[in-house]
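A.B. asks: predicted structure and sequence below. I'll ask about it afterward.
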Amino acid sequence: MAILELRNIVKKYGSLELLKGLNLLLSESDIVTVKGRNGVGKSTLCKIVALIMSPDLGEVIFQEVEVNKLGDYQKSMLRLKHIGYVDQQYTLIPTLKVIDNVELPLRLLNMEKSVRRKKAEEILSMLGLKGKEELFPSQLSAGEQQRVAIARALVKSPKLLVMDEPFSSLDDEAMAMVIDVLKDYAKSHECAQLITTTDLGFSLGNKIYVLRNGKPISE
Ligand SMILES: Nc1ncnc2c1ncn2[C@@H]1O[C@H](COP(=O)(O)OP(=O)(O)OP(=O)(O)O)[C@@H](O)[C@H]1O
């Protein structure tokens, strides 16, 4: 079943036109990789898929609902309930401990404290961060912070996971561990995932695209 569909998407920043009529389908359990050089539009694409940014042209359909027709509150609720987003800068909250950063989406969803704590601990452990729960983000390495951001996106069991260059700070071992978690998760939760990378040699998932001159080309 389709989780998200983009139809004829164009995004303009002044005279700069990106995505140039992009069509993209993310179905249950899909892992889609979009590769491209700096500035080609990968973050722009992620923000559109995560319903953070609206395109100038084209349609975004999330679980059969045309998102352009929704108000800001409805879009926020869709994001909160169903979409996990890992942005390029990780954007952890510096004044919250690791465990509280990961629990935050569950708090916003009014999940009971003991349940959300257990879920957050489990996901942190799966991502190799057991023992780091009580630290603040500034006390972690960049690769650890990146994994906390992935944990925070995964903890609410989203239907759609959008990750903008999620492996940029990870060493080979951490990257292999995260990829295993993501693959398992795609299957077990029928979650669709979009991953971007600047590494043109990288291949993960069942659909792989290269963005060139702002336009997607199937590899
Ligand atoms: N808010 C904005 N206003 C004007 N131009 C923008 C804006 N956001 C992005 N751009 C431009 O759009 C282009 C694509 O940016 P985007 O961040 O989507 O690229 P990217 O492929 O993610 O790059 P990187 O690999 O460096 O992260 C860039 O040339 C950038 O300067």
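C.D. replies: Now that the structure is in, tell me what you want to look at.

A.B. asks: what's the nearest residue to residue 3 if we skip its chain neighbours?
C.D. replies: Nearest residue to residue 3, sequence neighbours excluded (Cβ to Cβ, 6 or more residues apart in numbering): residue 192, at 4.1 Å. C-betas here are computed from N, CA, C, even on glycine.

A.B. asks: how would you label the spatially most central residue of the chain: helix, strand or coil?
C.D. replies: With distances taken as Cα atoms, centre = their mean, residue 162 lies nearest the centre of the chain, 2.0 Å away. Following DSSP: H, G, I helix; E, B strand; the rest coil, residue 162 is assigned to strand.

A.B. asks: any idea what it is bridged to?
C.D. replies: As for beta bridges, residue 162 partners with residue 85, residue 194 under DSSP bridges.

A.B. asks: please list all residues in contact with it.
C.D. replies: 46, 49-50, 83-86, 193-194 (Cβ atoms under 8 Å, 6 or more residues apart in numbering).

A.B. asks: could you rerun that using 7 Å?
C.D. replies: Applying Cβ atoms under 7 Å, 6 or more residues apart in numbering to residue 162 gives the contacts 46, 49-50, 83, 85, 194.

A.B. asks: by mean pLDDT, point me to the weakest helix or strand of this protein.
C.D. replies: Every helix and strand of the chain was ranked by mean pLDDT, DSSP states H and E. The lowest is strand 215-218, at a mean of 70.

A.B. asks: is the residue nearest to residue 3 in contact with residue 30, as I believe?
C.D. replies: Yes - between residue 192 and residue 30 a contact is recorded at 4.7 Å, counting by Cβ atoms under 7 Å.

A.B. asks: so between these two, which is more surrounded?
C.D. replies: Taking neighbours as other Cβ atoms under 10 Å, residue 192 and residue 30 compare with residue 192 leading, 25 against 20.

A.B. asks: ok, that one to residue 32 distance?
C.D. replies: According to Cβ to Cβ, to the nearest Å, residue 192 and residue 32 sit 7 Å apart.

A.B. asks: joint contacts of the two?
C.D. replies: Joint contacts of residue 192 and residue 32 (Cβ under 7 Å, 6+ apart) are residue 26.

A.B. asks: next, the buried residues of the helix or strand harbouring residue 26.
C.D. replies: Here residue 26, judged by DSSP states H and E, is contained in strand 16-27. By neighbour count on 16 or more other Cβ atoms under 10 Å, the buried set for strand 16-27 is 17-20, 22, 24, 26.

A.B. asks: which residues of this structure fall in strands?
C.D. replies: Assigned by DSSP state E, the chain shows strands spanning 2-13, 16-27, 31-36, 57-62, 65-66, 83-86, 160-164, 192-197, 207-212, 215-218.

A.B. asks: and the chain, which of its residues are near the ligand?
C.D. replies: Listed as neighbours of the ligand in the chain under the rule Cβ under 6 Å from any ligand atom: 13, 16, 18, 36, 38-44, 88, 198.

A.B. asks: filter these to the buried ones?
C.D. replies: By 16+ other Cβ under 10 Å, those give 18, 36, 40-42, 44, 88 as buried.

A.B. asks: which of these fall in helices?
C.D. replies: Among these, the residues falling in helices (DSSP state H) are 42, 44.

A.B. asks: coming back round to it: and the strand holding residue 26, what does it pack against?
C.D. replies: strand 2-13, helix 42-49, strand 192-197 (3 or more Cβ pairs under 7 Å, 6 or more residues apart in numbering; DSSP states H and E).
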